[in-house]
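> after the sequence you'll find the predicted model.
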Amino acid sequence: MTTTEPQARLVDPITLVPELKDIGGALYKATSNGTIPRTTISLVQLRAGQLVGSTYLTVLHTRNLRQAGATEESITAVVSWRDAPYFSDAERVALELVEAVLTPSAGAERVPDELYARASGHYDDKALATLIMAIGQVCFFLPLALIGKPLPGVAPSRQWRS
């Protein structure tokens, strides 16, 4: 019996579209302006990966959370954040925002005024714009993660098909 090592569907997209490296760098720079803690950004991006069912994104953002100093309990509880005691009110509203953006809402606004008002209560305009960009950053890469299927948990040079 032979086993085949898993392989991504796509070759490294940066070799195909070199501008992607600049876009990724610009998005990272925009979300690293210091107005939102790196842990909050990674919590939001981990939740996005969970919502869309991407192992690659969940492994990536779990690692980012560990590097940012998040506790194992908080990382594990992201999927059940609503009743978990590990998150601040600001983190909770950030998690609620990413869920609102990525979850269809039958006949209602995805991000109602009430949710926006609560977010504005925790974040000033620049921080809220940064949080929105952090959601946009992970959403920008969702198609690559879901369609290209890079390998999770390996060095970037090994994530893509050769």
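Yes, it's here.

> quick one: residues contacting Thr62.
Residues near Thr62 by Cβ atoms under 8 Å, 6 or more residues apart in numbering: 46, 75. No exception for glycine: its C-beta is placed from N, CA and C like everyone else's.

> now it: how far from Leu95?
Thr62 is 15 Å from Leu95, where distance means Cβ to Cβ, to the nearest Å.

> and what of Ser32?
Ser32 sits 20 Å away from Leu95, going by Cβ to Cβ.

> for the two, indicate the residue with more neighbours.
Using other Cβ atoms under 10 Å as the criterion, Ser32 and Leu95 rank with Leu95 on top: 21 against 13.

> just checking, that one touches Ala48?
No: contact criterion Cβ atoms under 8 Å: Leu95 and Ala48 do not qualify, at 9.8 Å.

> pretty sure Tyr86 contacts Ala77?
Yes: with contacts counted by Cβ under 8 Å, Tyr86 reaches Ala77, the gap being 5.3 Å.

> tally of neighbours for Ala117?
That count, for Ala117 with other Cβ under 10 Å as the rule, works out to 10.

> which parts of this structure are helices?
13-16, 19-31, 38-52, 55-67, 72-76, 89-102, 113-122, 125-143 (DSSP state H).

> which residues sit in contact with the residue nearest to the spatial centre of the chain?
Nearest to the mean C-alpha position of the chain, by Cα atoms, centre = their mean, lies Gln45 at 1.6 Å. The contact partners of Gln45, by Cβ under 8 Å, 6+ apart, come to 57, 61, 64, 98, 134, 137-138.

> which two among those residues are spaced furthest apart?
Asn64 and Val98 (14.8 Å; Cβ to Cβ).

> tell me which of those two has more neighbours.
Neighbours were counted for Asn64 and for Val98 using other Cβ under 10 Å; Val98 has more, 23 against 18.

> next, the contact list for the more buried one, please.
Val98 sits next to 44-45, 47-48, 51, 135, 138 when contact means Cβ under 8 Å, 6+ apart.

> got a pLDDT number for it?
For Val98, the model assigns a pLDDT of 98.
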